[in-house]
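[1] Here is a sequence together with a model predicted from it:
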Amino acid sequence: MDFSRSFALVAPELLLTATGLLLLLVAAWGGDKQARPIAILAVTALFGAGFLLVPGLHSGVEGVDTFAFGGLMAIDSFALFAKALIYLAAIGALVVAPAFFNSDAAGAERGLRAEFSVLVVFAVLGMSIMVSASDLLTLYLGLELNSLAAYVLASILRQDQRSAEAGLKYFVLGALASGILLYGMSLLYGFTGTTDFDGLRVALSGELSTGQLFGLIFVLAGLAFKVAAVPFHMWTPDVYEGAPTPVTAFFATAPKVAAVALTARVVFEVFGGQVAAWQQIVMFTALASIVFGALGAIGQDNLKRLLAYSSINNIGFILLGLAVANAAGASAMLVYLFIYVAMSLGSFVALLMLRGDDGDLFETFADIRGLAVTQPAIAWSLLFLMFSLAGIPPLLGFYSKFVVFQATVEAGLVAFAAIAIAASVIGAFYYIKFVKVMFFDDPVGVVTGKSGAAHWTVLFVTVVIISPLGYLLTPSLTDLADKAAAALFVAV
């Protein structure tokens, strides 16, 4: 085993590991007074890790040359694409977090905690390992590193009842899902004798035994929880509502990318020879998520809960690309993920800007009535973001749905595409409700607080990306997604 070459391949992970350990020491010695420098160093490290991805991302790397540590990790184009999205989403969440924690919205625990940025770095490190996993043991190591940090992040406002409740629910249900996943992995190991993805694919290439089939089902069930897909979505609305909004913005983006990428790698690299066995499961989960996400959001008044159901709905469209079970579907899935990260991050940043003079945040439709009169910039930004989430042209959200539907139809799954299109029309109702309330209701004038440059910068960047100007990115985005999908199918 060539350790020097392996260390070179995992340079981003080594940088994040060293940064996380260093920042942990600084937080222990300096306390919360060092929170802002720690956050700045964390963002710098994430930028540095992202810079290390650029050469391989553009050249397209695949095959056995991408394996590190004897095949435990695969640093191919697919992993690099997912890591780039994860790092960008984490940077966005870190940039907007200080203003929230330093406001009255944080309650009695005002001030950014020193450990917040450290936890984000370790969560991102776990996600990096997840998307590069080519062995069940590596998969579980990355998954748990991410999950343990996420549980603490959800409940970081210890004196806030909603935050504590969100963290507890996330922990209990997350532990259950991890147990289900671990049991499925143990079944696969017991009935194949290996944990290596290549070995598993060979062992599962013939007719599945009952034990192997149950292992497949349990693994997919555990992964479905991580992506918040129906019927394992029950934690999402409560955690999104209760967690601090910067944490919710982080949960809605980076971990979703990591979980989807991990699921894609598992189904194609481990179960690639058993498409008939898993395709129907993924297709049901995708359509159920689309329909339930659309219907579940209709009666919601809390904006964070509504966006939680919106994320379930969008995960359904992403899984639709996965269910196509070919490179075109995987590429469409990655394109959708990029656009989804921009839409979700922008939406939650806009919610962070709905604040009063005292810093209190507003999270209901009643609070944003007539927002176009009192805060026109935020209102118009939300209009673009909601229309993009609804898939209304010419915004980039339309393109994300178009590429997924195109891949689905070309694969002959016309009926499933028709159901998804019908459900997306239903989902447009609650997105348009934002516009009706903000532009046509009488203003209540409660959103009077001023937002900082960090919020405006992130909001502006995301709105530009999902605007018609974003179509200028589509040639490069499609090229990167195609290279990433091709790397995923090298061994299939």
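    In hand now; what should we look at?
[2] Residue 94 against residue 119, yeah?
    No: the pair residue 94 / residue 119 is not scored as a contact, 10.7 Å apart, by Cβ atoms under 8 Å. (Each C-beta comes from the backbone N, C-alpha and C, glycine too.)
[3] So, low pLDDT: which residues of this protein?
    Applying pLDDT under 70 to the chain flags residues 1-2, 60-64, 103-111, 359, 491-492.
[4] Scan it for its longest helix.
    helix 161-192 (DSSP state H).
[5] Does whatever helix or strand comes next after that helix pack against any helices or strands, and if so which?
    Sequence order places helix 197-203 as the next helix or strand after helix 161-192, per DSSP states H and E. The criterion is 3 or more Cβ pairs under 8 Å, 6 or more residues apart in numbering; DSSP states H and E, and the helices and strands that helix 197-203 contacts are helix 161-192.
[6] Which parts of the protein are strands?
    Listed in chain order, the strands of the chain (DSSP state E) span 67-68, 73-74.
[7] Any buried residues in the longest helix of the chain, and which?
    Residues of helix 161-192 classed as buried by neighbour count (16 or more other Cβ atoms under 10 Å): 163-171, 173-174, 177-178, 180-185, 187-188, 191-192.
[8] quick one on the thing from earlier: minimum distance to residue 324: which of the strands of the chain has it?
    Minimum separation from residue 324 across these (Cβ to Cβ) falls at strand 73-74, 21.9 Å.
[9] what packs against the closest one?
    Judged by 3+ Cβ pairs under 8 Å, 6+ apart, the packing partners of strand 73-74 are strand 67-68, helix 114-132.
[10] now the residue of the chain most remote from its centre, nearest residue through space, not along the chain?
    The centre of the chain is farthest from one residue, residue 442, which by Cα atoms, centre = their mean lies 35.5 Å away. With sequence-adjacent residues excluded and distances taken as Cβ to Cβ, 6 or more residues apart in numbering, residue 442 is closest to residue 370, at 5.5 Å.
[11] How about the contacts made by that neighbour?
    438, 441, 442, 443, 444, 445 (Cβ atoms under 8 Å, 6 or more residues apart in numbering).
[12] sorry, back to before: Throw the strands of the chain into JSON lines and include distance to residue 39 and mean neighbour count, thanks.
    Formatted as JSON lines, the strands of the chain follow (distance: least, Cβ to Cβ, whole Å; neighbours: other Cβ atoms under 10 Å):
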{"stretch": "strand 67-68", "distance to residue 39": "30", "mean neighbour count": "20"}
{"stretch": "strand 73-74", "distance to residue 39": "28", "mean neighbour count": "26"}
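[13] mind giving me JSON lines with those strands and columns for distance to residue 224?
    Conversion of the strands of the chain to JSON lines gives the following (distance: least, Cβ to Cβ, whole Å):
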{"stretch": "strand 67-68", "distance to residue 224": "28"}
{"stretch": "strand 73-74", "distance to residue 224": "23"}
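[14] Select, out of the ones you listed, the one closest to residue 13.
    Here strand 73-74 is closest among the strands of the chain (Cβ to Cβ), at 8.5 Å.
[15] Tell me which residues are up against that closest one.
    Applying Cβ under 8 Å, 6+ apart, the external contacts of strand 73-74 come out as 9, 10, 66, 67, 68, 129, 132, 133, 134, 135, 138, 265.
[16] and what of stretch 386-396?
    Taking Cβ under 8 Å, 6+ apart as the rule, stretch 386-396 contacts 310, 314, 339, 342-343, 347, 384, 397-398, 400-401, 424, 427-428, 431-432, 434-435, 465-468, 470-471, 474.
[17] Closest one to residue 144 out of the contacts of strand 73-74, please.
    residue 129 (9.9 Å).
[18] what's the burial count for that closest one?
    26 (other Cβ atoms under 10 Å).
[19] Any chance of a markdown table for the contacts of strand 73-74, columns distance to residue 303?
    Shown next, in a markdown table, are the contacts of strand 73-74 (distance: Cβ to Cβ, whole Å):
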| residue | distance to residue 303 |
| --- | --- |
| 9 | 42 |
| 10 | 39 |
| 66 | 42 |
| 67 | 44 |
| 68 | 43 |
| 129 | 33 |
| 132 | 35 |
| 133 | 35 |
| 134 | 40 |
| 135 | 41 |
| 138 | 38 |
| 265 | 33 |
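[20] can you pick the most crowded of those?
    residue 132 (30 neighbours).
[21] Does residue 130 touch residue 143 like I think?
    Yes: the pair residue 130 / residue 143 is scored as a contact, 5.7 Å apart, by Cβ under 8 Å.
[22] Compare these two (neighbour count), which wins?
    Set residue 130 next to residue 143 and count neighbours by other Cβ under 10 Å: residue 130 wins out with 29 against 26.
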